[in-house]
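[1] Give me a model of this one.
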Amino acid sequence: MSLPQELLEEFDWAVKSRGYLKRSEAIREAMRTFIVETKVIKGEGNVRGALAMIYDHETHGINEKLVDTQHEFHELIKASMHLHLDKRRCMEILAVEGNVEKVKELFKTLGSIKGVENVKIIVLG
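    A predicted model of the protein is given here:
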């Protein structure tokens, strides 16, 4: 494999900064990340990750909509965690696993619920 010198130097800096002993460890991680990102882009295969959202729990009907949505996508959701951020806002984190298109559909559905301020998807594998 041939690489431009500048790219190799930056990669070596990143390898060292992250505490890898060898380039091969970092290359394996980079390859896994590249594969997962390609699955997401192409909408193919299964993925694992998390959906995190912040919402205003005082928005009328939001709790019911969130619970209904989680039941609708129960085959994807492996666990959830609920945090109270302040008097009005909550954070919900959902551990998900399944078909990437279904995970993206869940992401879009949660983001469309009135009162949901932000949704972030983190795909890990």
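
[2] Where does the prediction get shaky in this protein?
    By pLDDT under 70, the chain has no low-scoring segment.

[3] care to break it down by domain?
    Using automatic domain parsing, the domains assigned to the chain come out as 5-42, 46-123.

[4] Buried deepest among those domains, which one?
    Using mean count of other Cβ atoms under 10 Å, the stretch among the domains of the chain with the largest mean neighbour count is domain 46-123, at a mean of 15. Heads up, the C-betas are built off the backbone N, CA and C, glycines and all.

[5] Span of that domain from start to end?
    Start-to-end span of domain 46-123 (Cα to Cα, to the nearest Å) is 10 Å.

[6] where exactly do the strands run in the protein?
    For the chain, the strands defined by DSSP state E cover 46-56, 77-84, 89-99, 116-123.

[7] Export these as CSV, with columns for distance to Arg18.
    What follows is the strands of the chain, written out as CSV (distance: least, Cβ to Cβ, whole Å):
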stretch, distance to Arg18
strand 46-56, 20
strand 77-84, 27
strand 89-99, 24
strand 116-123, 18
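
[8] Out of these, which gets nearest to Glu37?
    strand 116-123 (7.5 Å; Cβ to Cβ).
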